[in-house]
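Participant: Quick one, structure for this:
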Amino acid sequence: MFESLSDKLSGIFDKLTKRGALSEADVNEALREIRRALLEADVALDVVRSFTDKVRDRAIGAGVIKSVTPGQMVVKIVNDVLIETLGQEAQPIDLAAAPPVAIMMVGLQGAGKTTTTAKIAKRLKERHGKRTLMASLDVKRPAAQEQLAVLGRQVEVDTLPIVAGQTPVQIAKRAMEAARLQGFDVVLLDTAGRTHIDEPLMAEMAEIKTSAKPHEILLVADALTGQDAVNLASNFDEQVGLTGIVLTRMDGDGRGGAALSMRYVTGKPIKLIGVGEKMDALDEFSPTRIANRILGMGDIVALVEKAAAAIDAEQARKAAERMAKGKFDLQDLCDQLAQVEKIGGLGGIMGLLPGVGKMKDQIAASGFDDRMVKRQRAIILSMTPKERRNPDLLKASRKKRIAAGSGAKVEEVNKLLKQHRQMADLMKSFGTGKRGGMMGKAAQMMGLGPGMQMPSQEELQKLQEKLGVQQPKGPPGIPAAPPPDLLSKPSLPGLGGGLLSGLNPFGKKK
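Facilitator: Predicted coordinates:
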């Protein structure tokens, strides 16, 4: 979603951080480019003006221009203002009310209200342990109520039985009464939409609000609608009164302006974002983490959360025990690749890693993508269990059989086996507890040269402190994302190409 904006801002900051000192003219020139980048990303004009004014007031001062690292200070200021614009702190759905808590979903037709309702119900059930009832109040759109019932069965959440001929207000009253009698914690009211805002729609929303007295009124808006989403949010807020916003299709190719604009214009928090079509593709909106993504700092917290949700704890424990003993066979490699796919594939993982945006050209040239993972798994799954546990059995005739069974070439099988041998040697070094040997081999695989010692977290932190970069706060044990400039320093030659070619058995040799 923010790829285009992130690329433009990264280019602007690269110019700033390469200069030893900044003048007021340098800051003004950078702000003009930032303003242009925000407008091209569909950010509302008022928001752009406010944003650049705040950055200018903080950046044009003796403390910044005469600081040791003025470029880094400007990056920090832009990051701080981005977080303020997006809402400072994450505000999840408020369930602090006497049950049943009514949540009313509003929005235009086609924004994804019904699917989002089911996603929220699944999230409330699995993460908060809430017994949830979904009710469709859409009597206009054909099969809208049946659609919610199908989604309810899919996510294993109860839906209100359909009674033909009832009005939306009558359905809302019946849903609240059923929830009280049957002991539900939350009621999700999926209201009807229109292709555009009109008086009948707003009158219907007001009637439902009066009848159900919802604790939360969430506007579901399509992030691809750009600046129109701001007008939509303003109209719904004036007529119905919103408590929060849910942005859908945040994984699309939109330019991200809606997210930056809606919070500022309406004053209402963005509570959730839809990041895919699957029922679990719904994330909490965190201003700090979104700002980090926009500035190319990645989102390590989101990556850890995805890993925790997707990876089986018992399987991970057994794998860790095997690796601690220096054991790593082809079945282990296959399991690791399966976990990569569960977390969201290489594309999803690398999109959350700091600094990867600067390596897009190298990644594309190496053929480092999700198809590579599927091809690797196909090769391994074409082997017998005995062959996976003992790769030494794989002689020429067996390799031909495996290649034919997986639709690959014998050369590709050989490349995969070579990669596995490198990883197995690394695990053996890890098992011996020799940090220098393990890190040296890791550095060689990454193209850093033999004997390269990787910096510790404490060393990175001291380096950031010297550069005047404030450490973002995060959960204990999760490393803070480094600033963009640290990731672009040429102190690690060949990191991108070496790492990618080391991990990609099908990549072209350079």
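Participant: pLDDT of the helix or strand that contains Arg289, averaged?
Facilitator: Assigned by DSSP states H and E, Arg289 belongs to helix 287-294. Confidence over helix 287-294 (mean pLDDT, whole number) is 75.
Participant: What is the neighbour count of the residue nearest to Ala97 when sequence neighbours are not counted?
Facilitator: Closest residue to Ala97 apart from its sequence neighbours, by CB to CB, 6 or more residues apart in numbering: His215 at 4.6 Å. All C-beta spots, glycine's among them, are computed from the backbone N, C-alpha and C. Look at His215: counted by other CB atoms under 10 Å, it has 19 neighbours.
Participant: if I look at Ala378, how far off is Arg371?
Facilitator: Distance, Ala378 to Arg371, using CB to CB, to the nearest Å: 10 Å.
Participant: So those two - more neighbours on which side?
Facilitator: Neighbour totals were compared for Ala378 and Arg371, and Ala378 leads with 15 against 12 (other CB under 10 Å).
Participant: hey, where'd the strands end up in this protein?
Facilitator: 101-106, 132-136, 158-159, 186-190, 216-222, 244-248, 270-274, 282-284 (DSSP state E).
Participant: that older thread, who are the packing partners of the helix holding Arg289?
Facilitator: Using 3 or more CB pairs under 8 Å, 6 or more residues apart in numbering; DSSP states H and E, the elements in contact with helix 287-294 are helix 3-17, helix 70-86.
Participant: Mean pLDDT lowest where, among the ones you listed?
Facilitator: helix 3-17 (a mean of 67).
Participant: Kindly state the pLDDT recorded for Ala179?
Facilitator: Value listed for Ala179 in the pLDDT field: 94.
Participant: Revised request: answer the last question for Gly244.
Facilitator: 91.
Participant: contacting residues around it?
Facilitator: Contact partners of Gly244, counting by CB atoms under 8 Å, 6 or more residues apart in numbering, are Gln91, Ile93, Glu216, Ile217, Leu218, Leu219, Lys268, Pro269, Ile270, Lys271.
Participant: Over to Glu156?
Facilitator: By CB under 8 Å, 6+ apart, the contact set of Glu156 is Lys125.
Participant: distance of it from Ala111?
Facilitator: 25 Å.
Participant: now do Lys15
Facilitator: Counting by CB to CB, the gap from Lys15 to Ala111 is 38 Å.
Participant: of these two, who's got more company?
Facilitator: Per other CB under 10 Å, whichever of Lys15 and Ala111 has more neighbours is Ala111, with 26 against 13.
Participant: Give me the residue ranges of the stretch 151-300 of the chain where confidence is low.
Facilitator: 226-227, 252-256, 259, 293, 296-300 (pLDDT under 70).
Participant: could you show me where the helices are in it, in order?
Facilitator: 168-182, 199-212, 228-239, 257-266, 287-294, 300-310 (DSSP state H, counting those that start in this stretch).
Participant: Which one of those lies nearest to Pro99?
Facilitator: Closest to Pro99 of those, according to CB to CB: helix 168-182, at 7.8 Å.
Participant: List the buried residues in the closest one.
Facilitator: Buried positions in helix 168-182, judged by neighbour count with 16 or more other CB atoms under 10 Å: Pro168, Ile171, Ala172, Ala175, Met176, Ala178, Ala179.
Participant: ok, the residues you listed vs Gly276, which is closest?
Facilitator: Ala175 (28.2 Å).
Participant: Kindly present the helices of the stretch 151-300 of the chain as JSON lines, with separate columns for distance to Leu38.
Facilitator: Converted to JSON lines, these look like this (distance: least, CB to CB, whole Å):
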{"stretch": "helix 168-182", "distance to Leu38": "39"}
{"stretch": "helix 199-212", "distance to Leu38": "31"}
{"stretch": "helix 228-239", "distance to Leu38": "14"}
{"stretch": "helix 257-266", "distance to Leu38": "7"}
{"stretch": "helix 287-294", "distance to Leu38": "10"}
{"stretch": "helix 300-310", "distance to Leu38": "23"}
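Participant: Which positions within the longest helix seen in the chain qualify as buried?
Facilitator: In terms of residue count, the longest helix belonging to the chain (DSSP state H) is helix 410-432. Residues 412-413, 415-417, 419-420, 423-431 are the ones in helix 410-432 that count as buried (16+ other CB under 10 Å).
Participant: Now for Arg398, how many residues are close by?
Facilitator: For Arg398, the count of nearby residues is 14 (other CB under 10 Å).
Participant: That one is in contact with Glu387, isn't it?
Facilitator: Yes: between Arg398 and Glu387 there is a contact under CB atoms under 8 Å: 6.7 Å.
Participant: And the pLDDT for Leu352?
Facilitator: You'll see Leu352 listed with a pLDDT of 58.
Participant: can you check the one 4 residues further on too?
Facilitator: Model confidence at Val356, expressed as pLDDT, equals 54.
Participant: Can we start the residue count at 9 from this point?
Facilitator: Happy to do that; since the first residue is 9 now, the last one works out to Val364.
Participant: for Gly118, phi and psi?
Facilitator: Main-chain dihedrals, Gly118, degrees, to the nearest 10: phi 90, psi 0.
Participant: Can you give me every residue that contacts it?
Facilitator: Gly201, Thr203, Asp230.
Participant: Please convert these to JSON lines, extending it with neighbour count and distance to Asn239.
Facilitator: Converted to JSON lines, the contacts of Gly118 look like this (neighbours: other CB atoms under 10 Å; distance: CB to CB, whole Å):
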{"residue": "Gly201", "neighbour count": "23", "distance to Asn239": "16"}
{"residue": "Thr203", "neighbour count": "9", "distance to Asn239": "15"}
{"residue": "Asp230", "neighbour count": "22", "distance to Asn239": "13"}
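Participant: Leaving out the residues flanking it, which one is nearest to Ala386?
Facilitator: Nearest to Ala386 is Ser414, by CB to CB, 6+ apart, at 4.3 Å.
Participant: Distance of the residue lying closest to Arg330 once chain neighbours are set aside relative to Lys279?
Facilitator: In space, and not counting its chain neighbours, Arg330 is closest to Asp340: 6.4 Å by CB to CB, 6+ apart. Using CB to CB, Asp340 is found at 40 Å from Lys279.
Participant: How about Ile298?
Facilitator: Ile298 sits 13 Å away from Lys279, going by CB to CB.
Participant: So between the two, which is more surrounded?
Facilitator: Set Ile298 next to Lys279 and count neighbours by other CB under 10 Å: Ile298 wins out with 26 against 22.
Participant: which residue packs closest to the more buried one, ignoring adjacent ones?
Facilitator: Closest residue to Ile298 apart from its sequence neighbours, by CB to CB, 6+ apart: Leu94 at 5.8 Å.
Participant: doesn't Ser269 make contact with that neighbour?
Facilitator: No: in this structure Leu94 lies outside contact range of Ser269 using CB under 8 Å: 10.2 Å.
Participant: Identify each buried residue in stretch 135-149, please.
Facilitator: Going by 16+ other CB under 10 Å, stretch 135-149 has these buried residues: Lys138, Arg139, Thr140, Leu141, Met142, Ala143, Ser144, Leu145, Asp146, Val147.
Participant: Make CSV from the residues you listed and add pLDDT and distance to Ser390 to it.
Facilitator: Formatted as CSV, those follow (pLDDT from 0 to 100; distance: CB to CB, whole Å):
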residue, pLDDT, distance to Ser390
Lys138, 93, 45
Arg139, 94, 45
Thr140, 94, 43
Leu141, 95, 47
Met142, 95, 44
Ala143, 94, 49
Ser144, 93, 46
Leu145, 93, 52
Asp146, 90, 48
Val147, 89, 53
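Participant: And the residues you listed, which is closest to Leu168?
Facilitator: Looking across those and measuring by CB to CB, the closest to Leu168 is Ala143, at 3.9 Å.
Participant: State the distance from the closest one to Gln190.
Facilitator: In terms of CB to CB, Ala143 sits 13 Å off from Gln190.
Participant: And Gln99, by the same measure?
Facilitator: Distance of Gln99 to Gln190, given as CB to CB: 29 Å.
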